[in-house]
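# No sequence on hand, only this structure:
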Ligand SMILES: Nc1ncnc2c1ncn2[C@@H]1O[C@H](COP(=O)(O)OP(=O)(O)O)[C@@H](O)[C@H]1O
Ligand SMILES: [Mg+2]
């Protein structure tokens, strides 16, 4: 039996606006096993970001259950959720969110330093992860001095340097050209195949499904096999 890293069970989420209630997730369920790579597609507004935020414990559902490594997430304080995210999750978004005044190396080392590792050890691990993702040569540069493709690879390095159980990505290639997009996809394949990091990516781009082992489509607030 392989380990279930994350289980989402019958998840509901809606938003109240001044004029209406938008029902985004309508009983969505998802089981994620260790080492799996999953792509979730759907058009703009279908609820992909909402689902990814719930999977990443950045937001809580209105109803439904979440289990992270077998432990149910309920009555969990914000501080505890934040700890769980730091320990188990790595995030990458459409915009890289790298710190502009820090070098590439320090951006990647920072999560480890915050976690209590010595700066030297953290930088060594950062450099190692940058090398694995093919961007070690730019370690001393600032984020503004590297290309968009490099920025996203550095953001991925930062997300996985602490070896999270789950790497969650929301439209990570939204700003990239085709060449950089395929480089990022190859990196995700490498992370899941070779480093056994579990990957969930949401995107509207249906051309990227072949890089993942499982494909779901988010339709009417439910996940259907793609
Ligand atoms: N904080 C919010 N308040 C109100 N409506 C929201 C909020 N976040 C998302 N929505 C709405 O929920 C729906 C799903 O949004 P989202 O999850 O961002 O979809 P996607 O990522 O697939 O584009 C959209 O109709 C969006 O406008
Ligand atoms: Mg979105």
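All right, it came through fine. Computed from a predicted model, the values in this text were never measured in an experiment. Ligands and ions are numbered 1, 2, ... in the order given.
# what does the protein put close to ligand 2?
Proximity of the chain to ligand 2 (Cβ under 5 Å from the ion) is limited to residues 48, 49. Backbone N, C-alpha and C define where each C-beta goes, glycine included.
# who in the chain is up against ligand 1?
15, 17, 22, 24, 42, 44, 45, 46, 47, 48, 49, 50 (Cβ under 6 Å from any ligand atom).
# 8 Å instead, please
15-17, 22, 24, 42-53, 170-171, 202, 204, 218 (Cβ under 8 Å from any ligand atom).
# tell me what the helix ranked longest in the chain is packed against?
If you go by DSSP state H, the chain has its longest helix at helix 178-193. Secondary structure elements in contact with helix 178-193, counted by 3 or more Cβ pairs under 8 Å, 6 or more residues apart in numbering; DSSP states H and E, are strand 37-41, helix 148-160, strand 166-170, strand 198-203.
# Dump these into JSON lines; add mean pLDDT as well.
Converted to JSON lines, the helices and strands packed on helix 178-193 look like this (pLDDT from 0 to 100):
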{"stretch": "strand 37-41", "mean pLDDT": "98"}
{"stretch": "helix 148-160", "mean pLDDT": "97"}
{"stretch": "strand 166-170", "mean pLDDT": "98"}
{"stretch": "strand 198-203", "mean pLDDT": "98"}
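# Please point out which parts of the longest helix of the chain sit buried.
180, 181, 182, 183, 184, 185, 187, 188, 189, 191, 192 (16 or more other Cβ atoms under 10 Å).
# Is it possible to get CSV of these that adds pLDDT?
Output for these, formatted as CSV (pLDDT from 0 to 100):
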residue, pLDDT
180, 96
181, 97
182, 96
183, 96
184, 97
185, 97
187, 97
188, 97
189, 95
191, 96
192, 93
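# The residue most central in space within the chain: what's its closest spatial neighbour, skipping adjacent residues?
The centre of the chain sits closest to residue 168, judged by Cα atoms, centre = their mean, with a distance of 1.5 Å. Leaving aside its sequence neighbours, residue 168 sits nearest to residue 56 (Cβ to Cβ, 6 or more residues apart in numbering; 4.7 Å).
# how deep is the one you found tucked in, by neighbour count?
Other residues near residue 56 number 21, with proximity taken as other Cβ atoms under 10 Å.
# Point out where this structure drops to low pLDDT.
1 (pLDDT under 70).
# Where do the helices of it begin and end?
Counting by DSSP H, the helices of the chain are 48-55, 78-88, 104-114, 119-132, 148-160, 178-193.
# most tightly surrounded among these?
helix 148-160 (a mean of 24; mean count of other Cβ atoms under 10 Å).
# dump the residue contacts of residue 38.
Residues in contact with residue 38 (Cβ atoms under 8 Å, 6 or more residues apart in numbering) are 30, 32, 199, 200, 201, 212, 213, 214, 215, 216.
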